[in-house]
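[1] Fold the following for me, if possible:
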Amino acid sequence: MAVIKKIPQDMLLKSFGVAGDAVAKVAEHGIETQVTPSKIVLVLDGEVVANVPVAHEVASKVADGTMTPSDKIKALMASAVGKALAQAPDKAQPETTLEYLKNKAKPVTQKGAKAPEPEAPKPGNAVNSTDGPTWPILPVHEMTAMPPVKLRDATQLYQPVSGTSDHSRYFVVAGNEQVRVAARYKIGSLSIRVEGPDLQQMTIDLYNAGFDSVKKDKDYASVHVQVDSDIEARRALYTVIGALPGPWRTLCPDLARLKGKGL
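    Numbers count the residues shown, from 1 in each chain. Here you go, the predicted structure:
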């Protein structure tokens, strides 16, 4: 494989529309981008794990700002980066997933000033705007009585769904035609799971939302965090939902309805 031009990796990826967080994760996982005569390849441990069909001349012009990449090429680049990240081994992070989620959601204040508690969306208000009808809300008494279904098949807010194990139980907290989100909340612990037909195209969004387990081959992603209070649990949940593509067909979930009901 002939590499004919070296373009700084962050410049190359950003010029093709890859978000800054994803660019940092590519470098963090030791993934290298190389420009060949006919394509851009992403290399991990000496092996090509993804590629984008972009000629070196085009790549050079995009990188130096004299050409704008098409939406199709940007989508192909995002998909390639997501594929490469999905194959990269987990790296030890300087902060836990909980700290990552806390810091993403923490309001910035002046030094020494006490940060105000974030005002959570009121249950019943849409998390994101919706262009269609909202999903029905499952009554409280049916949350533990109704048999769980696969998350990707759920159609109601608070509907019980199964996790990786048939014995685990989560509850739907957000959903639309492309993706569904479920959560399980016990004292001190919050687990969030995502499934859906468009999950393959959401790898970068999921990493940016704080997910540390993205199983593209199994069509689900999950994150598990330790929380010290209901406020921290809400902050983490709303951060994740807000980071994923909408619009949602569900109203804002009330985390109190889930507490202690999951398995």
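
[2] If you count neighbours, what's buried in stretch 148-157?
    Buried residues in stretch 148-157, defined by neighbour count with 16 or more other C-beta atoms under 10 Å: 148, 151, 152, 154, 156, 157. No exception for glycine: its C-beta is placed from N, CA and C like everyone else's.

[3] from these, which has minimum pLDDT?
    In terms of pLDDT, the lowest of the buried residues of stretch 148-157 is residue 152, showing 89.

[4] Looking at the buried residues of stretch 148-157, which is nearest residue 253?
    residue 157 (6.6 Å; C-beta to C-beta).

[5] For beta bridges, what are the partners of the closest one?
    Applying DSSP bridges to residue 157 gives these bridge partners: residue 137.

[6] go on, the one 5 residues further on?
    For residue 162, the residues forming beta bridges with it (DSSP bridges) are residue 150, residue 169.

[7] Quick check: residue 160 vs residue 8, distance?
    Distance, residue 160 to residue 8, using C-beta to C-beta, to the nearest Å: 49 Å.

[8] quick one: which of the two has more around it?
    Ranked by neighbour count (other C-beta atoms under 10 Å), residue 160 and residue 8 place residue 160 first, with 24 against 11.

[9] what about the nearest residue to that one once chain neighbours are set aside, distance to residue 177?
    Leaving aside its chain neighbours, residue 160 sits nearest to residue 148 (4.2 Å; criterion: C-beta to C-beta, 6 or more residues apart in numbering). Relative to residue 177, residue 148 is positioned 21 Å away (C-beta to C-beta).

[10] how about the helix or strand containing residue 84: buried residues?
    Per DSSP states H and E, residue 84 falls inside helix 71-87. Across helix 71-87, burial judged by 16+ other C-beta under 10 Å covers 73-74, 76-87.

[11] just stretch 61-72 next, same as before
    Within stretch 61-72, the residues that qualify as buried are 62, 63, 69, counting by 16+ other C-beta under 10 Å.

[12] Next step: these restricted to helices.
    Using DSSP state H, 62, 63 are the members of the buried residues of stretch 61-72 that sit in helices.

[13] From the buried residues of stretch 61-72, pick the one nearest residue 28.
    Proximity of the buried residues of stretch 61-72 to residue 28, judged by C-beta to C-beta, is greatest for residue 63, which lies at 21.2 Å.

[14] Next one: that closest one, what pLDDT does it get?
    Note on residue 63: pLDDT of 90.

[15] Next up, the contacts around the closest residue to residue 228 other than its chain neighbours.
    Excluding the flanking residues, the one nearest residue 228 by C-beta to C-beta, 6+ apart is residue 188, at 7.3 Å. The contact partners of residue 188, by C-beta atoms under 8 Å, 6 or more residues apart in numbering, come to 226, 227, 228.

[16] So the second one is in contact with residue 234, correct?
    Going back to what we said before, that points to residue 227. No: using C-beta atoms under 8 Å, residue 227 is not in contact with residue 234, being 9.1 Å away.

[17] which residues of the protein fall in strands?
    Remark: strands assigned in the chain by DSSP state E are 32-35, 40-44, 47-52, 149-150, 160-162, 169-175, 180-186, 189-195, 213-215, 220-226.
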